[in-house]
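Undergrad: no sequence on hand, only this structure:
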């Protein structure tokens, strides 16, 4: 019986031994069929990153994920991985998490991946950078050599345009500028630089890889009424159109031999934020504090949303405090001395200081505007509708010394005064054309229809009660020409205003297109080289024909209101 059982069990034992012999090599083969992965983690500049956490997550369910750390060369390595699809997730402090999906691991093969981490600061810099508003080239075919269809190109052939010239702005950009001048840019207010002989300087210094610091200053030579100013402009990105900017202006001057001392502080912060590929947001805010016995302060925001509708159409929505610069501080790096001139302009950037019932006030109000602009040839045509709500409108004039100081703020340097004319609340429209006729000739034409202050039929009353708001039209043209042979730059313009006005119709548009009332002439003449630097003689004449003067008899005395003073300002300028 036992022999029979053993005889029946023998075949089963033999079959089991054969199955084990066959299964063992197969199991050994499955166990050895594994893959490997290796990779390197760098930042955007190609520097290896130590200590980055690399998480390898299998895309198949039921499989545990693996974690690795990069070494000093930014390399990580994983062995004995089951073949299949994986997701690689890399994290490191100070960088944005990076995810690479569908990484295939194959048996007996080492899969190599390259991970690039992007810092948070680089992302913020790209966010606030203005988008490229240029049109895409029609012919954008390029030959590209790729290592694989899903990877980035490693070689790219681009046609060399031998006719395209290059300009190294860093090599040609001047670093310093000196000006020896006499006369005021905007006489009539204690907020302006005094009409006196003065020396001004500006210096442009590069800080770091891209940052720039522009420093400007000015001092006059009057012993009885000394004064000076200093301004700094900090550009972290090196350009106004590519990032933020910070401005600080300080000024102190004695108003007249026996007058008080004017002290002013102006701080501004602004920049540009790109919103997609077609829009950008320009923002700025400034804080102004002015003291003349008593202090007056003002907070002045500005927001502009600029959208490129097509290659030729552009639209903008603007909300800003005015008066002030119609556009944020900006300059063209390709224009010689653009940064230096912008720094010098900051010295004279305070709003007009007014006096009302013995209390100081700063000229200001709100400006809202919707504008559409179209490219026309080598220029632009703008059509805009706007609304101005000016709470304190500055009115300038000349009068006797018996005017009450509680309402009239005298300017001893120009025998003029500034007066708070009240408020103006009006809607307006503007059509402007800027056309570059040639490389040496540019023309600007502008029409505006808006409200302004005009004399009323009242007589012998307070000056403020004798002014009323009325609608007027203005037509202006400005021509800028360069004479290559003599290296002379001439700017001539004229603006005609319908009716009699004592204030500006569209101060925002006038600043934007550099339009001054009545006839104005400016000349910059390059002088022969007789010393270090680039020398120029400058002369600027405003209201050459002395137009627009309005004589009025008020209860305070006889005054002559002047919407635009007849002035002359000239001197020498040298750039290094």
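TA: Nice, I can see it. None of the values given here were measured: they were computed from a predicted structure.

Undergrad: remind me which residues of the protein are low pLDDT?
TA: Flagging of the chain using pLDDT under 70 yields the residue ranges 1-32, 62-63, 120-173, 240-242, 323-337, 400-401.

Undergrad: could you redo the last one with a cut-off of 50?
TA: 1-2, 6, 18-19, 21-31, 124, 127-130, 132-171, 325-335 (pLDDT under 50).

Undergrad: need the longest strand for it.
TA: The strand that spans the most residues within the chain, counting by DSSP state E, is strand 467-483.

Undergrad: direction included, what does that one pair up with?
TA: Strands that pair with strand 467-483, judged by DSSP bridges, come out as strand 441-455 (antiparallel), strand 488-497 (antiparallel).

Undergrad: quick one: contacts for residue 319?
TA: By Cβ atoms under 8 Å, 6 or more residues apart in numbering, residue 319 lies in contact with 301, 302, 303, 304, 366, 367, 368, 369. C-betas here are computed from N, CA, C, even on glycine.

Undergrad: just to revisit the earlier point, show me which residues of the longest strand of the chain are buried.
TA: 467, 469, 470, 472, 474, 476, 478, 480 (16 or more other Cβ atoms under 10 Å).

Undergrad: the stretch 301-450 of the chain: helices as residue ranges?
TA: 338-346 (DSSP state H, counting those that start in this stretch).

Undergrad: same check on the stretch 101-250 of the chain?
TA: Using DSSP H, counting those that start in this stretch, helices in the stretch 101-250 of the chain cover 120-128, 169-172.

Undergrad: hmm, residue 262 and residue 412 touching each other?
TA: No: using Cβ atoms under 8 Å, residue 412 is not in contact with residue 262, being 11.5 Å away.

Undergrad: those two: who's more crowded?
TA: Remark: of residue 412 and residue 262, residue 262 carries more neighbours, 23 against 17, as counted by other Cβ atoms under 10 Å.

Undergrad: now do the contacts for that one.
TA: 190, 191, 227, 251, 252, 253, 254, 255, 290, 291, 292, 353.

Undergrad: now do it against residue 569, distance only.
TA: To residue 569, residue 262 is 20 Å away according to Cβ to Cβ, to the nearest Å.

Undergrad: can you check residue 59 too?
TA: 74 Å.

Undergrad: what about those two, which has more around it?
TA: Neighbours per residue, other Cβ under 10 Å: of residue 59 and residue 569, the larger number sits with residue 569, 17 against 13.

Undergrad: how far away is the more buried one from residue 192?
TA: Remark: distance between residue 569 and residue 192 (Cβ to Cβ) = 11 Å.

Undergrad: so what sits against both of these two?
TA: Common neighbours of residue 569 and residue 192 (Cβ under 8 Å, 6+ apart) are 184, 185.

Undergrad: count the neighbours of residue 257 for me.
TA: 10.

Undergrad: need the contact list for it.
TA: Residues counted as contacts of residue 257 (Cβ under 8 Å, 6+ apart) are 224, 225, 412.

Undergrad: may I have the secondary structure class of it?
TA: Look at residue 257: counting by DSSP: H, G, I helix; E, B strand; the rest coil, its state is coil.

Undergrad: and it, how far from residue 417?
TA: 17 Å.

Undergrad: also residue 244?
TA: 39 Å.

Undergrad: neighbour count: those two, which is higher?
TA: Counted by other Cβ under 10 Å, residue 244 and residue 417 do not tie: residue 417 has more neighbours, with 24 against 18.

Undergrad: test my guess that the more buried one contacts residue 395.
TA: No: contact criterion Cβ under 8 Å: residue 417 and residue 395 do not qualify, at 9.1 Å.

Undergrad: quick one on the thing from earlier: Throw the contacts of residue 319 into a markdown table and include distance to residue 54, thanks.
TA: Formatted as a markdown table, the contacts of residue 319 follow (distance: Cβ to Cβ, whole Å):
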| residue | distance to residue 54 |
| --- | --- |
| 301 | 46 |
| 302 | 47 |
| 303 | 44 |
| 304 | 45 |
| 366 | 55 |
| 367 | 55 |
| 368 | 53 |
| 369 | 53 |
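
Undergrad: out of these, which comes closest to residue 46?
TA: residue 304 (37.7 Å; Cβ to Cβ).

Undergrad: quote the end-to-end distance of stretch 192-201.
TA: 17 Å (Cα to Cα, to the nearest Å).

Undergrad: and the contacts of it?
TA: Here stretch 192-201 makes contact (Cβ under 8 Å, 6+ apart) with 176-187, 216-222, 225, 227, 229, 253, 344, 347-348, 350, 352, 411, 413-414, 567, 569.

Undergrad: make a PyMOL selection of the buried ones in those residues.
TA: Buried members of those, defined by 16+ other Cβ under 10 Å, are picked up in PyMOL with:
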select buried, resi 176+177+178+179+181+183+184+186+187+216+217+218+220+225+227+229+253+344+347+348+350+352+411+413+414+567+569
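
Undergrad: circling back: give me the subset of the contacts of residue 262 that lies in strands.
TA: In strands, defined here by DSSP E, the members of the contacts of residue 262 are 227, 251, 252, 253, 254, 290, 291, 292, 353.
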